[in-house]
Each structure stands twice: as C-alpha cells, then as structure tokens.
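>>> got a predicted model here, sequence first, then my questions.
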Amino acid sequence: MKKRNYADGNNYMEMLFAINSFYSHKKALIVIWKNRFEIKCFPILGIEETSMEPDDEDYYGEYYTFVEIIEVLTNVENNFFPIKNVQDYFFPQCESKKDKKFIELNIFNIPERIMLEDGTLLWQFM
C-alpha cells in the first residue's frame, strides 16, 4: 500500500472533485477508509475553501467538504475519524439537518476509495 503524501495535493483535490461531482445528483456514495471504516453517505456541500495556508500552525488543508452519514456499514474499534453534528458548524444549507451526523473530508482525512452503491468506482487513493 502506498504511503500517503499529504504534501501532494493532487490526489486530495481529485477526491474532493469526485465527491463534488455527485453533490447535486442525490445519489448515495460508499466511502471506505484504510482502516476499513465504511459509510453510506450523501455529499452535502460542494468544495469549500478555508482561509488557511500550508505554513499555518493548525493547517488542515485549503479545501474540504462534508458528507452526511446515512449508515455506518462497517465500524471499527478506535475509529479516529471525527463524526460531527451539524450544530458544530454554520451551514445554512444544512439547517434542516440538525440531527444528522457528518464527516469532514480534508487533506488529513482522505479515504481509500469512493464508490456508488452499485460498486462503480468513482475515486481511489493512488
């Protein structure tokens, strides 16, 4: 398995664009991480930009997106991905989803692959 090189943002941006391409399609995605944590989700935001720069102390990427968790398909012990409540953020487009759970995808939270429910591969970490 190839070690992740976070300094190379190309793969990270391709991941964000893959999710973004289904933002308005209302199709569920399957997202799987290296530790085999697997969720069924919907993209709820397009690609968002932070005000951070790579040399900032708390840098976590200049771009990110969120997905709404529909179902945890495979859970793992010691899951290190923060599942958040929408109340933790202000997203006017999510006002009606206050009781939902989300995961932020950014340069430090890159899954292994993203698929459609039918198994069609949309993106894979290279």
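Sure thing, it's come through.
>>> need the contact list for the residue nearest to residue 125 when sequence neighbours are not counted.
In this structure, residue 125 finds its nearest non-sequential neighbour in residue 112, 5.2 Å apart by C-beta to C-beta, 6 or more residues apart in numbering. (C-beta placed from N, C-alpha, C; glycine too.) Residue 112 makes contact with 32, 33, 34, 124, 125, according to C-beta atoms under 8 Å, 6 or more residues apart in numbering.
>>> now, among the residues you listed, which is nearest to residue 70?
residue 32 (14.4 Å; C-beta to C-beta).
>>> neighbours of the nearest residue to the closest one once chain neighbours are set aside, how many?
Distance criterion C-beta to C-beta, 6+ apart; nearest residue to residue 32, sequence neighbours excluded, is residue 38 at 4.6 Å. By other C-beta atoms under 10 Å, the residues close to residue 38 number 19.
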